[in-house]
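Student: build me a model from this:
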Amino acid sequence: GSIGGKKKKGYKQLLSQAVRTPGNTLDLRGFRAEDVGQAVDRFLDSMMGRGQPSAFLLSGHGTGVVKKVVQEHLKKCTYAGAYAPASFEQGGDALTVVAVK
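Tutor: As a prediction, the model looks like this:
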């Protein structure tokens, strides 16, 4: 749904303005691929409950499997309005930034 008429564009803007804090970052390093989706949903659900507009998912560099799973999951995730690789300033490629619906 679009809460308060926030459209896709609004989400995209959120992504670029998001600031990472320990409280809005989920560290997925070392997770098994099959556990990632559930962890992401639970985390984004709690972010939504706290009214956090954005969240960061840290997949690390590793083999890239976790990041791939994260991005596949976000495509169909009901909590994610938009997502993108974090910018250099936000911590770079090991992170995915998510606009929480």
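Student: contact partners for residue 70?
Tutor: By Cβ atoms under 8 Å, 6 or more residues apart in numbering, residue 70 lies in contact with 28, 36, 40, 57, 59, 96. No exception for glycine: its C-beta is placed from N, CA and C like everyone else's.
Student: among these, who's most crowded?
Tutor: The residue in these with the most neighbours, by other Cβ atoms under 10 Å, is residue 57 (27 neighbours).
Student: now for that residue: which residues touch it?
Tutor: Applying Cβ under 8 Å, 6+ apart to residue 57 gives the contacts 25-26, 28, 40, 43, 70, 95-98.
Student: those residues in strands, which ones?
Tutor: The strands, defined by DSSP state E, take in 25-26, 95-98 from the contacts of residue 57.
Student: now do the same for residue 15: helix, strand or coil?
Tutor: helix (DSSP: H, G, I helix; E, B strand; the rest coil).
Student: quick one: it and residue 51, what's the gap?
Tutor: Separation of residue 15 from residue 51 (Cβ to Cβ, to the nearest Å) stands at 17 Å.
Student: what's the answer for residue 21, then?
Tutor: Per Cβ to Cβ, residue 21 is found 14 Å from residue 51.
Student: residue 82 too?
Tutor: Going from residue 82 to residue 51 by Cβ to Cβ gives 17 Å.
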